[in-house]
Each structure stands twice: as structure tokens, then as C-alpha cells.
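Visitor: structure for the following, please:
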Amino acid sequence: MTLAIWSSLMAGLAVVVYLGLALGGARMSAFPRSLLWVLAWWLHGLSIVGVLFDSPAHFGFGPALSATAWMVLCVYAVESRALPKLQSQSALLALAALAVLVALWFPGSPLPITTTLWQPLHWVLGITSYGLFAAAVIHGLLTSEAERRIRLAQETRGGLPVLTLERLTFHLVTAGFIALTLTLALGFVDRVAIGGAWRWDHKTVLSLLSWLIFGVLVAGRYFAGWRGPKALRFLYVGAACLFLAYVGSHFIREIILQR
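Guide: Next up, the predicted model:
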């Protein structure tokens, strides 16, 4: 069995388990539900590893979405251990299954041969920042929904206070900003190491723009106490720029332009 076939098999099994949890997880007891979560997460991770270690390795917007979904689930798994009231959402599992299916259908293009030791770390940190910011966006949406329900004097969902959700959101933003900073720094080091010139293409411009937006948000949060809609607008705009920098550009190139 080739690595590509093995990876596809792992991805297919992950989709089945994710959908099973999304549809019937609420009716399961805690132990089997947690066991299936771990199983699906491992199968999903193995499918990503199989794509990256195939010969030649492939990557693109599909695997990037899949890896981002995997990171988001990792964040939620860690948070759920510390905050039992943070319940897993069926929609999140369904989106993870969809991301795995997209990666199966659009496996990306062959990666260039790695020429420095920094390049793999650059990719890992890039995906980590994507996942952290995606999780922050989800928390931001949950915060907005909780605040809306409070204004309408309705019962909030999820069991977590608004301030706790907001604090989690900005912890994720800070961690994502650190990962993104290291990603951009290593990208520059890698480019210099192979003797290449810094390219001011749309990917670079959008990545630096998102880094600047998140930097302003982090500074505003910790030095000026930014919160509420103003802070969340910065989060959403920065996340949109970062999404367009890689996933959006590769989607246009691979699907629309078919290059």
C-alpha cells in the first residue's frame, strides 16, 4: 500500500468518525465519546502526515484547511480538559469532516525539495498560527453570540461567562501572533539561506498586513484594554487577510487558474 493510499484511507476513516460524532455524539456517554474524539483526531493527523511525507510531498489549500481544522480541534480538546463546561460542538465536527473531504478532493501540488532546515519548521509554525487564529475567530463568534443573548435577556449557551470566552479569545490571538511572527521570520531566514531575494508578492503583502493588524490588536488589548466589537473587528479583518494570503491564493491558483 502506497503512502498516498494509506493517507486517503486514514482520511476516510476520520470523516466517518467525525460525522458519527456530529450526528450521534450527544447521545453517547462521556467515555466512548472522548475515545472516538481521540480516534478521529489521530486518524485526521495521520492523514496529514501521510500527505506531507509522500514522495513527492503535496500541499495546497485543501491540506491547509485540513491541517487548520486539526489544530482547531486540538485547541478545543485542551480547553475542554481545563474547562469542562466548554462542550464540543456538532458543527465543529462536521466542519472538520468537510475539511478532510476537501483535502481528499484537492490534494494540492508537489512541494519543492526542502533546501534548508528552516523550511519544515516554517510550515509547521504557519499551520499552527492558522489553527490558533481560526480557533480565536470561533471564540470571537461565540462571544458575540453570548453578548447578544445577554442584551436580549436570553439564556446564554455553552455554560461559560462572556468574560471567560473573551479572555480565551485573546489568549489564542496572542499565541497565534507569536506563531505568525516566528513563521514570517523563518520564511525570511529560509529565503536568505538559499540566496533568494525577498519577494513582494500578494502572499507576502497579505501576511505582513495580517501580522500588523494582529500586532495592533494585541497591543491595544494589553495596553489600552480593547474589548468588544472593536477588538473583534480587528480579529476578523486580520484573520481574513491571513486566510487570503495562503489558502485563498492557492485556491485561485489550483482551482480557478488550474496551475
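Visitor: for the rest of this, base every contact and every neighbour count on C-alpha atoms.
Guide: Noted.
Visitor: show me the shaky parts of the protein.
Guide: Applying pLDDT under 70 to the chain flags residues 1, 54-58, 81-89, 110-118, 120, 153-160, 190-200, 248-259.
Visitor: would you map the helices across it?
Guide: Ranges of helices within the chain are 3-24, 30-52, 61-82, 90-105, 118-151, 162-193, 202-224, 228-243, 249-251, based on DSSP state H.
Visitor: CSV for those, including mean neighbour count?
Guide: Output for the helices of the chain, formatted as CSV (neighbours: other C-alpha atoms under 10 Å):
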stretch, mean neighbour count
helix 3-24, 19
helix 30-52, 18
helix 61-82, 20
helix 90-105, 20
helix 118-151, 20
helix 162-193, 19
helix 202-224, 18
helix 228-243, 18
helix 249-251, 19
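Visitor: ignoring the adjacent residues along the chain, who's closest to residue 177?
Guide: Spatial nearest neighbour of residue 177, excluding adjacent residues (C-alpha to C-alpha, 6 or more residues apart in numbering): residue 214 at 6.4 Å.
Visitor: can I assume that neighbour is in contact with residue 234?
Guide: Yes: assessed by C-alpha atoms under 8 Å, residue 214 is found in contact with residue 234 at 7.2 Å.
Visitor: find residues that contact each of those two.
Guide: Listed contacts common to residue 214 and residue 234 are nil; contacts here mean C-alpha atoms under 8 Å, 6 or more residues apart in numbering.
Visitor: residue 109 and residue 167: what is the separation?
Guide: Counting by C-alpha to C-alpha, to the nearest Å, the separation of residue 109 from residue 167 is 39 Å.
Visitor: kindly report the same for residue 36.
Guide: Remark: distance between residue 36 and residue 167 (C-alpha to C-alpha) = 29 Å.
Visitor: from residue 101, how far out is the spatially most central residue of the chain?
Guide: Geometric centre of the chain, nearest residue: residue 131, 2.2 Å, by C-alpha atoms, centre = their mean. Between residue 131 and residue 101 the distance is 18 Å, computed by C-alpha to C-alpha.
Visitor: also residue 91?
Guide: Distance from residue 91 to residue 101, by C-alpha to C-alpha: 15 Å.
Visitor: also residue 232?
Guide: Using C-alpha to C-alpha, residue 232 is found at 30 Å from residue 101.
Visitor: just to revisit the earlier point, enumerate every residue touching the residue nearest to residue 177.
Guide: Residue 214 makes contact with 173, 177, 234, 235, 238, according to C-alpha under 8 Å, 6+ apart.
Visitor: can you rerun that using 7 Å?
Guide: Residues near residue 214 by C-alpha atoms under 7 Å, 6 or more residues apart in numbering: 177, 235, 238.
Visitor: cool, residue 100 as well?
Guide: By C-alpha under 7 Å, 6+ apart, the contact set of residue 100 is 11, 15, 66.
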